[in-house]
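1. Fold the following, please.
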Amino acid sequence: MQFRRTKRKIDGILLLDKPLGYSSNQALQKIKWLFQATKAGHTGTLDPLATGLLPICLGEATKFAQHVTDAGKTYIANIKFGVQTRTGDAEGEVVSTKPVNITKSELEQACQKFLGEVSQVPPMYSALKHKGKPLYEYARAGIEIERPARQVTITKIAVDSFINDEAIITVSCSKGTYIRTLAEDIANTLDNHAHLIGLRRIETAGYDIADAMTIEAVEELAMELRDAQLLPVDTAISVLPKITISADAAFYFKQGQAFWEAGSIPDGELRVYAEDGVFLGLGKLMEDGKITAKRLVHL
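-> Numbers count the residues shown, from 1 in each chain. Next up, the predicted model:
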């Protein structure tokens, strides 16, 4: 006789250090199972060959997962020059090689050319969808799909080391940036090839890898100690302005009704709290001066 695991209403954000070889969804499902959570979602895909920071939203936190997904990211990338692969990483077969006669100074100068807004063509071996199917499915079938270039923003590229034909760089960028593509583009400016041999996400949305836990570390904890590792739901939108509203206003807010609130209210989206400090949800100041509810939480 099989027994069903009792699912729990549990709310919060776990900072997971995703292991090598796991897809983001596999990592998500493992954490959801460990917490016996009724609802869970991750915040931005990491390839199986990538490791690092993957915030997992449980319960009410899933309402704000998109805010974390949309935030900038920082990665440490290991790049091997002189070798081009079909996938742009170590999984793909080698398609071309070149001798490497690049200095660290030349690499640093090449990297600086990619600061700011740059145009990227997404790789064929990616999860980007075309007619409902991920591009990698077409690529595996030998079908090339035309991909329009997309604008992404690189705010930092630092060359941490460059020994022989391998470099380690730190990149801060907007969401949707393909580090594989960036590595290949940097190499192209140096009339060379490159592919990723390692990628680790270390920061996103104000969260840091130093505060993340491995799956094994979560498994070793009793359930109450696992729960204690969860960050509050409102940390997902900590970059937004905070307002505390009156009891009367809170009544209307929780009903999803727009209301007036005295005082100076910042434009745009807002973190809304009751007078006792309880987080109520995401609000927005409208053009007519009223505050309306965008996402309500039930903690």
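2. C-alpha from now on. contacts and neighbour counts both.
-> OK.
3. Tell me the confidence at the residue nearest to the spatial centre of the chain?
-> The centre of the chain sits closest to Gly44, judged by Cα atoms, centre = their mean, with a distance of 3.7 Å. The predicted structure scores Gly44 at 82 on the pLDDT scale.
4. what sits against it?
-> The contact partners of Gly44, by Cα atoms under 8 Å, 6 or more residues apart in numbering, come to 54, 68-69.
5. and these as a markdown table, adding distance to Ser238 and neighbour count?
-> Output for those, formatted as a markdown table (distance: Cα to Cα, whole Å; neighbours: other Cα atoms under 10 Å):
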| residue | distance to Ser238 | neighbour count |
| --- | --- | --- |
| Leu54 | 17 | 31 |
| Val68 | 10 | 24 |
| Thr69 | 14 | 20 |
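6. Tell me which of those fall in strands.
-> When DSSP state E defines the strands, the subset of the contacts of Gly44 inside them is Leu54.
7. phi, psi of Gln120?
-> For Gln120, the backbone dihedrals (degrees, to the nearest 10) come out as phi -130, psi 140.
8. how is this protein carved up into domains?
-> Domain assignment for the chain by automatic domain parsing gives 12-71+206-235, 73-204, 240-296.
9. of the contacts of Gly44, closest to Ala228?
-> Leu54 (17.9 Å; Cα to Cα).
10. Mind listing the residues bridging to that closest one?
-> Beta-bridge partners recorded for Leu54 (DSSP bridges): Leu16.
11. That one: what's it in contact with?
-> With Cα under 8 Å, 6+ apart, Leu54 has these contacts: 15-18, 24, 42-44, 46.
12. Do you have the strands of the stretch 51-200 of the chain handy? List them.
-> 73-81, 83-85, 94-97, 116-120, 129-130, 133-134, 150-163, 166-173, 194-204 (DSSP state E, counting those that start in this stretch).
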